[in-house]
Structures are given as structure tokens and as C-alpha cells.
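S.K.: let me see the structure of the following:
(chains A and B)
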2 protein chains.
Amino acid sequence: HDTTSETQQGVASYYSDRFQGRTTASGEPFDQRALTAAHPTLPFGTKVLVTREDNGREVEVLINDRGPYAKGRIIDLSKRAAKELGMLQRGTVPVEISYVQ
Amino acid sequence: HDTTSETQQGVASYYSDRFQGRTTASGEPFDQRALTAAHPTLPFGTKVLVTREDNGREVEVLINDRGPYAKGRIIDLSKRAAKELGMLQRGTVPVEISYVQ
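M.R.: Predicted coordinates for the structure are as follows:
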């Protein structure tokens, strides 16, 4: 079978605490402590490897929501995922995401 | 009766479109097109005058939600209110808020 990996470059941001416990587009409640993310189009449950383009730090997340909604953003991360990338202070970072569709 | 106006200085931000239509802490659905805002403690229905400290632009909003959740922020504005302050591009601006409790 075909397991070609695809990549995409852009800016990652992370969720506001305002969204904690709210229902995501997949129907799951959102949890800042889980390793999840929002992507505009990837199927829910897709595993995505997110790599910071400036320092190589990476984290793997599961897509369970739609978004981001701001221009130039390609993925919105949970706080835990953002913490693993060390981007909590900065808020947004350039990333490459890769996944198998 | 006592109508002393109080003021507070800090940083304003605005809501993500992710929150459109979601239920606010006051029970009202959130609407980016309305002139509303989130404040940590002011009673729901409080009228707040928000003034940009850098250029004097101002907008009046009604508090209908709790927040902000990020450090240093004192008020989260609807997109319409943020547009009236001309802060959509920038995202955050220093403001003074004033209200009658």
C-alpha cells in the first residue's frame, strides 16, 4: 500500500485556555494536557509530526479539531504540545508538519 | 448614589474565530460581530470604555464573558471591537479601560 509522507510549512500557534473542555470539531472534548492539534483538512486521528524550523525540536500530535483561523497558520497545538516545542512564551513558531495520508 | 469611574491599564487581545457561537460564561452565545468583551471580574452587563494608549482610539463594550487567560492581558475583545480599535493586524495593544461599578 501507499504510505507516502507529505509535508507542509507554515506557522504554528496554540490554543487559548478559554477552549479547555469545549467540544472540538471531532466531537471529543478539548484537553490542553493531551497531544492534539487542529488542522484545516487532515482527517481526525491523523498522526502529525511537528518540527520547529528554527531549532529542530519536535512533537507528535493527533488531529482532533479544525482550524487554525488566523492567516498564515497551518496548525493549532494543545498547550502540552506547545510546551514540548518550547513555544509557550513566544506564542507562534515556524514549523514543518509531516504526516502519512 | 456613587458613580465613581474606575480605570485599569494593561494589554487587550481579541477572540479567535474558534469561539464563534460558543457559549460564554454569561450563558450568551459569543458573537464576533457584537461589541462585547471578557474581563476576569467585572459583572456581566458592565459597560467598559476601552482606549488605546498609543493612539487614543476607543470603543465601548459590554462584558459578557470571563478571561483573558494569558499573562498581562486585562480584556479580550470581540473582533468587531478589535476592528474599531484598528488592532486586527497587530493582535494585542496597550489599553486603558474605564467603567462604573
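
S.K.: so where do the strands sit in chain A?
M.R.: Counting by DSSP state E, one finds strands in chain A at the ranges A:5-14, A:36-38, A:47-52, A:58-65, A:73-77, A:93-100.

S.K.: need those strands in a markdown table (columns: distance to residue B:11).
M.R.: In this view, the C-beta of every residue, glycine as well, is placed from N, C-alpha and C. Conversion of the strands of chain A to a markdown table gives the following (distance: least, C-beta to C-beta, whole Å):
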| stretch | distance to residue B:11 |
| --- | --- |
| strand A:5-14 | 17 |
| strand A:36-38 | 25 |
| strand A:47-52 | 26 |
| strand A:58-65 | 27 |
| strand A:73-77 | 21 |
| strand A:93-100 | 21 |
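
S.K.: so which of those is the most surrounded?
M.R.: strand A:36-38 (a mean of 27; mean count of other C-beta atoms under 10 Å in any protein chain shown).

S.K.: name the residues that touch it?
M.R.: Under the contact criterion C-beta atoms under 8 Å, 6 or more residues apart in numbering or on different chains, strand A:36-38 has outside partners A:15, A:24-25, A:28, A:30, A:48, A:50, A:61-68, A:75-78, A:81, B:18.
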